[in-house]
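Asks: Return a 3D structure for these sequence lines:
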Amino acid sequence: MLVMALGLSLPAEVAALTIRQPVVIVHGHSPHGSASCSRFRALVRQLRSVDAGHRSYRFAGDIVPVGFYGGDTRARHDDWGDTGCQWRAHVSNHGRHSRVSPSGHRRLRGVVGHTTGTSIRHLAYHLAWFIHDRYSRRGIPVDVVGQSMGGLLIRYALAAAAARKPGFPRRLLVDDVVTLGTPLAGHETELFTAVNQQTREMDKDSAFMAWLHEHALVPPRAGRWTDWTFLGSYADGLIPTPSTVGNRCLPDGSCERWVRAQQYVIYDTRQTADGPVGIAHGDYHRTTGYASVYRARVWREGAWRWTDTLVPPVRLIEMALARDDW
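Replies: Residues are numbered from 1 along each chain as shown. Next up, the predicted model:
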């Protein structure tokens with residue numbers, strides 16, 4: 001029902017759809033090797049809420065923003081201890097630190113963690129075992145939101161599992177994935193805010209990106225069909241817009257599809273008295289305002305089209321996770 005994605009409200013008496021499927025949220029690269037659990041507060045609140053002003057979806061299952069850096073805010077009842085963040089898990093406790101491109105480890109208070117020197121492959125390995133241990137081995141499918149580099153972690157995890165790459169679980173039950181400003185076709189290392197192992201692997205000419213193109217061009221299946229939505233923005237400001245939707249473009253304007261999804265969305269900029277504004281790289285999981293509608297390009301069912309009434313990104317994430325026919 002495309003009218004929902006275009007921001008048109010349905011009658012208030014229509015009951016909200018309650019979804020009990022867990023949602024795993026994976027943050028992106030940090031040049032400092034740390035991330036606060038509060039960064040996804042707006043998204044978590046939106047997924048939990050039922051608002052009378054629009055046809056809403058209430059996610060009643062686990063909503064789990066996960067950490068992977070040693071400096072990430074730690075989770076309650078986790079080997080990393082409790083620093084006041086009660087809704088985060090840490091993938092470092094799943095799998096072995098000696099498997100799959102081990103690198104960039106550090107020991108803090110006797111616990112081994114990761115840094116920006118850790119390979120994305122290794123982080124994806126830990127993420128895969130977290131999803132497997134907590135959900136897939138019990139037959140529970142999950143949805144995943146990958147912010148920036150976090151989208152590469154889940155793409156690699158699913159592709160490696162599907163390819164039966166040594167060290168990865170054979171089966172990961174993931175229903176829906178939404179990526180937010182992810183460099184799906186790579187970027188220029190020197191244009192990131194820091195140069196380290198992870199930004200080098202995100203370089204468009206890296207062996208990591210070449211592996212993704214070869215093994216994850218089409219959405220990988222690791223025991224379940226997965227629906228993918230790539231979100232990008234012309235105002236991203238950090239990642240080239242074509243890369244956020246899986247395209248690699250040459251100076252002559254020609255583009256090659258590097259990885260594919262079922263849906264692609266690019267938010268447009270708006271002209272104001274102070275100049276153009278739009279969804280910046282850090283805004284995808286924060287912009288929730290119901291009064292706003294956005295101009296955007298949307299690719300579904302084999303064709304691009306423009307719309308002037310697309311909902312804000314956090315609502316679009318909600319709908320893309322809730323149903324395939326948004």
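
Asks: Low-confidence ranges, this structure, go.
Replies: 1-16, 50-56, 73-88, 109-111, 289-291 (pLDDT under 70).

Asks: Contacts only, for Leu212.
Replies: Leu152, Arg155, Tyr156, Ala159, Leu184, Trp258, Val259 (CB atoms under 8 Å, 6 or more residues apart in numbering). For every residue, glycine as well, the C-beta is placed using N, CA and C.

Asks: Which ones among those map onto helices?
Replies: Residues of those located in helices (DSSP state H): Leu152, Arg155, Tyr156, Ala159.

Asks: any chance of those residues in JSON lines, plus distance to Ala207 and neighbour count?
Replies: Listed next are the ones in helices among the contacts of Leu212 as JSON lines, based on distance: CB to CB, whole Å; neighbours: other CB atoms under 10 Å:
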{"residue": "Leu152", "distance to Ala207": "14", "neighbour count": "30"}
{"residue": "Arg155", "distance to Ala207": "15", "neighbour count": "27"}
{"residue": "Tyr156", "distance to Ala207": "12", "neighbour count": "26"}
{"residue": "Ala159", "distance to Ala207": "14", "neighbour count": "24"}
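
Asks: nearest to Ser98, of those?
Replies: Tyr156 (18.7 Å; CB to CB).

Asks: show me what contacts the closest one?
Replies: Ile120, Arg121, Ala124, Phe208, Trp211, Leu212, Ala216.

Asks: Verify the stated contact: the second one with Gly104.
Replies: No. With contacts counted by CB atoms under 8 Å, Arg121 stays clear of Gly104, the gap being 11.3 Å.

Asks: Same drill for the two, tell me which one is more crowded.
Replies: The neighbour comparison of Arg121 against Gly104 (other CB atoms under 10 Å) goes to Arg121, with 23 against 20.

Asks: ok, that one - contacts?
Replies: Going by CB under 8 Å, 6+ apart, the list of residues near Arg121 reads Val100, Ser101, Tyr156, Ala160, Glu201, Phe208.

Asks: chain center to the helix or strand hosting Leu321, what's the gap?
Replies: Here Leu321 sits within helix 313-322, counting by DSSP states H and E. Relative to its chain's centre, helix 313-322 lies at 12 Å (CA atoms, centre = their mean, to the nearest Å).

Asks: what's next to stretch 97-104, contact-wise?
Replies: Contacts for stretch 97-104 (CB under 8 Å, 6+ apart): 105, 112, 114-119, 121-122, 124-125, 165-168, 197.

Asks: Quick one: end-to-end distance for it.
Replies: 10 Å (CA to CA, to the nearest Å).

Asks: Could you list the buried residues of it?
Replies: Using 16 or more other CB atoms under 10 Å as the test for burial, stretch 97-104 gives His97, Val100, Ser101, Gly104.

Asks: Let's have those residues in TSV, adding distance to Val142 and secondary structure.
Replies: Listed next are the buried residues of stretch 97-104 as TSV, based on distance: CB to CB, whole Å; DSSP: H, G, I helix; E, B strand; the rest coil:
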residue	distance to Val142	secondary structure
His97	24	coil
Val100	21	coil
Ser101	24	coil
Gly104	26	coil
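
Asks: residue ranges for the strands of the stretch 201-326 of the chain, please.
Replies: For the stretch 201-326 of the chain, the strands defined by DSSP state E, counting those that start in this stretch occupy 227-233, 247-249, 255-257, 263-267, 270-272, 275-277, 294-300, 303-310.

Asks: Looking at the ones in helices among the contacts of Leu212, which one is closest to Asp283?
Replies: Leu152 (19.4 Å).

Asks: and that closest one, what is it in contact with?
Replies: Contacts of Leu152 (CB under 8 Å, 6+ apart): Ile120, Ala124, Gly146, Thr182, Pro183, Leu184, Met202, Leu212.

Asks: Also Cys249?
Replies: Pro240, Pro242, Cys255, Glu256.

Asks: can you map out the helices along this structure?
Replies: 2-5, 41-48, 120-134, 149-162, 197-201, 207-215, 241-244, 313-322.

Asks: Need the winner for burial among these.
Replies: helix 149-162 (a mean of 27; mean count of other CB atoms under 10 Å).

Asks: mind exporting that helix as PDB, just the C-alpha atoms?
Replies: Taking Å, rounded to 0.1, in the frame of the first residue of the first chain, the C-alpha atoms of helix 149-162 are listed here in PDB:
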ATOM      1  CA  MET A 149      29.200   1.200   8.000                       C
ATOM      2  CA  GLY A 150      26.700  -0.900   9.900                       C
ATOM      3  CA  GLY A 151      25.000  -1.600   6.600                       C
ATOM      4  CA  LEU A 152      28.200  -3.200   5.300                       C
ATOM      5  CA  LEU A 153      28.500  -5.400   8.400                       C
ATOM      6  CA  ILE A 154      25.100  -7.000   7.900                       C
ATOM      7  CA  ARG A 155      25.600  -7.200   4.100                       C
ATOM      8  CA  TYR A 156      28.900  -9.000   4.600                       C
ATOM      9  CA  ALA A 157      27.500 -11.200   7.400                       C
ATOM     10  CA  LEU A 158      24.600 -12.500   5.300                       C
ATOM     11  CA  ALA A 159      26.800 -12.900   2.200                       C
ATOM     12  CA  ALA A 160      29.500 -14.800   4.100                       C
ATOM     13  CA  ALA A 161      26.900 -17.100   5.700                       C
ATOM     14  CA  ALA A 162      25.300 -17.700   2.400                       C
END
